[in-house]
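> using only what follows, build the 3D model:
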Amino acid sequence: MPSRYPGAVTQDWEPVVLHKTKPKSQDLRDPKAVNAALRSGLAVQTVKKFDAGSNKKGKSTAVPVINTKKLEEETEPAAMDRVKAEVRLAIQKARLEKKMSQADLAKQINERTQVVQEYENGKAVPNQAVLAKMEKVLGVKLRGKHVK
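Next comes the predicted model:
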């Protein structure tokens, strides 16, 4: 029977060193591991992180505490103006006089039906371009004194 290994068979007598895996950082922070290291006399390094885990400032800081909600309310614009009642009624009245549905008006001004619905329900924020298109199709003045 032929040998699997061509040539002389030798043994390797070099020492093999097995290394332990490094402990993970999570394991090092474990209170049990810290206590075991302290008991065995190893050096343990502890670091206190500044304001770790909270967004509350200590009383000793010189920087004044800023209420983020108050700051956001100050910087954000107030609620947007909605379509006034006179404009809503003028749109509805003119549309009904021309015997148009909301969908017909929307199609003629190249907008979605939902836009016309929002204008007639008073939920829309007035857009001068849309109002101009409605004025042109309906033949009624919608901008000026009614909308700011």
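> got any ranges where the protein has weak pLDDT?
1-7, 49-66, 71-79, 145-148 (pLDDT under 70).
> what's the longest helix in this structure?
helix 85-97 (DSSP state H).
> which strands or helices does the helix or strand following that helix pack on?
Once helix 85-97 ends, the next helix or strand along the chain (criterion: DSSP states H and E) is helix 102-108. Applying 3 or more Cβ pairs under 8 Å, 6 or more residues apart in numbering; DSSP states H and E, one finds that helix 102-108 makes contact with helix 113-121, helix 128-138. From N, CA and C alone the C-beta is placed, and that goes for glycine too.
> switch to 7 Å and redo it
When contacts are defined as 3 or more Cβ pairs under 7 Å, 6 or more residues apart in numbering; DSSP states H and E, helix 102-108 packs onto helix 113-121.
> what's the helix it packs on in contact with?
V83, R88, I91, Q92, Q102, A103, L105, A106, A124, V130 (Cβ atoms under 7 Å, 6 or more residues apart in numbering).
> report the buried members of these.
By neighbour count, with 16 or more other Cβ atoms under 10 Å, these hold V83, R88, I91, Q102, L105, A106, A124, V130 as buried.
> just put these in JSON lines and tack on distance to A33.
Output for the buried ones among the contacts of helix 113-121, formatted as JSON lines (distance: Cβ to Cβ, whole Å):
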{"residue": "V83", "distance to A33": "66"}
{"residue": "R88", "distance to A33": "70"}
{"residue": "I91", "distance to A33": "72"}
{"residue": "Q102", "distance to A33": "70"}
{"residue": "L105", "distance to A33": "73"}
{"residue": "A106", "distance to A33": "68"}
{"residue": "A124", "distance to A33": "62"}
{"residue": "V130", "distance to A33": "67"}
